[in-house]
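Engineer: would you be able to build a 3D model of this:
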Amino acid sequence: MTQPASPRTPRNPTRRQALALGLAAAAAPFTPARADTAKPIRLLVGFPPGGGTDAIARLLAERLKDELGTQVLVENKPGAGGQLAAQTLKASPADGSTFFLSHDHTITILPLVVKTPGFEPARDFVPVAGFATFVNALAVSGGTPARSLAEYVAWVKTQGGGKGAVGVPAPASVPEFLVKVIGEKYQLDLISAPYRGSAPMITDMLGNQIAAGVGSIPDFIENHKAGKIRVVAVLGGARQPALPDVPTFAELGLAGFEDVPYYGVFAPAGTPKANLDAFSAALGRVIAQREVHDRLTAMGLSVGLTSGTQLGAREQAYAKVWQRIIAASGFKPQ
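Structural biologist: Predicted structure coming up:
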């Protein structure tokens, strides 16, 4: 005997029933396609928790998990300016399970200043997407009387004959080269004090253990707004929307640092294009969310998605600029 059709799934639905079924399907939660939704994605970060890069990664990871349909776990691999994280990425399987969120220092600068970094970006990595640019800045601790770059220079000249230490988040980094240029420009005997990331450097600045530091605006902005440290000058060709009252170094007579660094995501070489495209598309959707965009902007980032190809070209152009600056400084790869 023929069984009657289920009333929930009629064999020959009426037009009204078909419309109802279509609306139900459209209202169902969207689950992004991924080969293995049970396996979490690792998002490597080359600096310790508490710094600007870590905060950015955790904000994005929280939203990426919904877009990718799986957990996105931030894994901090601090040390050597991101070198350990880059080496970890190189050794990771190229299966779409591991990505590296990095700024310019690890990908561009390290290969120029370290003889054997343990990785070669063009060979070992593939750019996935860029999502922001930012600028570095000079900040002074609350224990100094300086409210401007000129006041900082004058203050240093009263301290031990113009000698002073300036914190930088990593040795042989853009901030370290900037310290050298500032010292030469204003005839100061400034010595870089390298840290393992921005978080411990800022801790020492907050404790007045070091009078000044050079780092990214995302590293400084929260404490600057709280009045605990003071950003006195920024790099780049224009003042930053997050710090409109802070002049650029170019305005203050120190030109040549208008090319701004970048943030991007990289994967091991050989990662399937489908995985790269899926991550890039998900990242684009995340940074387009108003709350995420506003929070990143408030951190001092200029937000916008660029393709992997564009990120790779940006990295190569940035490397050429800094290769000239590093060579002119007399620095020899270590």
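Engineer: gap between Ser280 and Pro171?
Structural biologist: For Ser280, the distance to Pro171 equals 32 Å [Cβ to Cβ, to the nearest Å]. C-beta: built from backbone N, CA, C; applies to glycine.
Engineer: what segments of the stretch 151-300 of the chain are helices?
Structural biologist: Per DSSP state H, counting those that start in this stretch, the stretch 151-300 of the chain carries helices over the ranges 174-185, 198-206, 217-225, 273-288, 290-298.
Engineer: low-confidence ranges in the stretch 101-250 of the chain?
Structural biologist: Along the stretch 101-250 of the chain, segments meeting pLDDT under 70 are nowhere present.
Engineer: picking that back up, who has more neighbours out of Ser280 and Pro171?
Structural biologist: Set Ser280 next to Pro171 and count neighbours by other Cβ atoms under 10 Å: Ser280 wins out with 21 against 17.
Engineer: tally of neighbours for the nearest residue to that one once chain neighbours are set aside?
Structural biologist: For Ser280, ignoring the flanking residues on the chain, the nearest one in space by Cβ to Cβ, 6 or more residues apart in numbering is Ala129 at 4.1 Å. Ala129 has 25 neighbouring residues, counting by other Cβ under 10 Å.
Engineer: start at 709 instead
Structural biologist: With the count now opening at 709, the last piece we talked about shows up as Ala837.
Engineer: my guess is Ala837 meets Leu991, correct?
Structural biologist: Yes. Taking Cβ atoms under 8 Å as the definition, Ala837 is a contact partner of Leu991 at 5.3 Å.
Engineer: what's the overlap in contacts for the two?
Structural biologist: Jointly contacting Ala837 and Leu991 under the rule Cβ atoms under 8 Å, 6 or more residues apart in numbering are Val973, Leu1013.
Engineer: ok, back up a step: so which of the helices of the stretch 859-1008 of the chain is nearest Arg750?
Structural biologist: Across those, Arg750 has its closest neighbour in helix 981-996 (12.0 Å, Cβ to Cβ).
Engineer: list the buried residues for stretch 953-965?
Structural biologist: Val954, Thr956, Phe957, Ala958, Leu960, Leu962, Phe965 (16 or more other Cβ atoms under 10 Å).
Engineer: same list (those residues) but as a markdown table, adding distance to Val1029.
Structural biologist: Formatted as a markdown table, the buried residues of stretch 953-965 follow (distance: Cβ to Cβ, whole Å):
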| residue | distance to Val1029 |
| --- | --- |
| Val954 | 23 |
| Thr956 | 17 |
| Phe957 | 15 |
| Ala958 | 15 |
| Leu960 | 20 |
| Leu962 | 16 |
| Phe965 | 10 |
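Engineer: tell me the one of these nearest Thr824?
Structural biologist: Phe965 (28.1 Å).
Engineer: wait, the closest one sits on Leu943?
Structural biologist: Yes. Phe965 lies in contact with Leu943 (Cβ under 8 Å); the separation is 4.4 Å.
Engineer: still on that earlier bit, okay, the residue nearest to Ser988 and Gly961: tell me how far apart.
Structural biologist: 37 Å.
Engineer: thinking again about what came up before, and the buried residues of stretch 953-965, which is closest to Leu818?
Structural biologist: For the buried residues of stretch 953-965, the nearest to Leu818 is Phe965 (19.0 Å; Cβ to Cβ).
Engineer: for that closest one, give me its contacts.
Structural biologist: Contacts for Phe965 (Cβ under 8 Å, 6+ apart) come out as Asn844, Leu886, Val889, Leu943, Gly944, Phe957, Ala958.
Engineer: pop the domain breakdown of this protein in here.
Structural biologist: 749-841+969-1037, 844-942 (automatic domain parsing).
Engineer: need those domains in a markdown table with distance to Pro949, can you?
Structural biologist: As requested, the domains of the chain are arranged in a markdown table below (distance: least, Cβ to Cβ, whole Å):
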| stretch | distance to Pro949 |
| --- | --- |
| domain 749-841+969-1037 | 7 |
| domain 844-942 | 10 |
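Engineer: closest one to Ala950 among these?
Structural biologist: domain 749-841+969-1037 (4.4 Å).
Engineer: strands of the protein, start to end?
Structural biologist: Using DSSP state E, the strands of the chain run over residues 749-753, 780-784, 806-811, 833-841, 844-849, 871-876, 897-902, 920-924, 937-942, 970-976, 1010-1015.
Engineer: now do the shared contacts for Phe965 and Leu943.
Structural biologist: Common neighbours of Phe965 and Leu943 (Cβ under 8 Å, 6+ apart) are Asn844, Leu886, Phe957.
Engineer: okay, now the residue lying closest to the first one once chain neighbours are set aside: neighbour count?
Structural biologist: Taking Cβ to Cβ, 6+ apart as the measure, Asn844 lies nearest to Leu943, with 4.9 Å between them; neighbours along the chain are not counted. The local packing count at Leu943 equals 26, with neighbours defined by other Cβ under 10 Å.
Engineer: contact partners of stretch 906-918?
Structural biologist: 755-762, 847, 849-851, 873-877, 901, 903, 919-921, 923-924, 927-928, 931, 936-937.
Engineer: any of those buried? List them.
Structural biologist: Neighbour-count burial (16+ other Cβ under 10 Å) is assigned, among those, to 755-756, 759-762, 847, 849-850, 873-877, 901, 903, 919-921, 923-924, 927-928, 931, 937.
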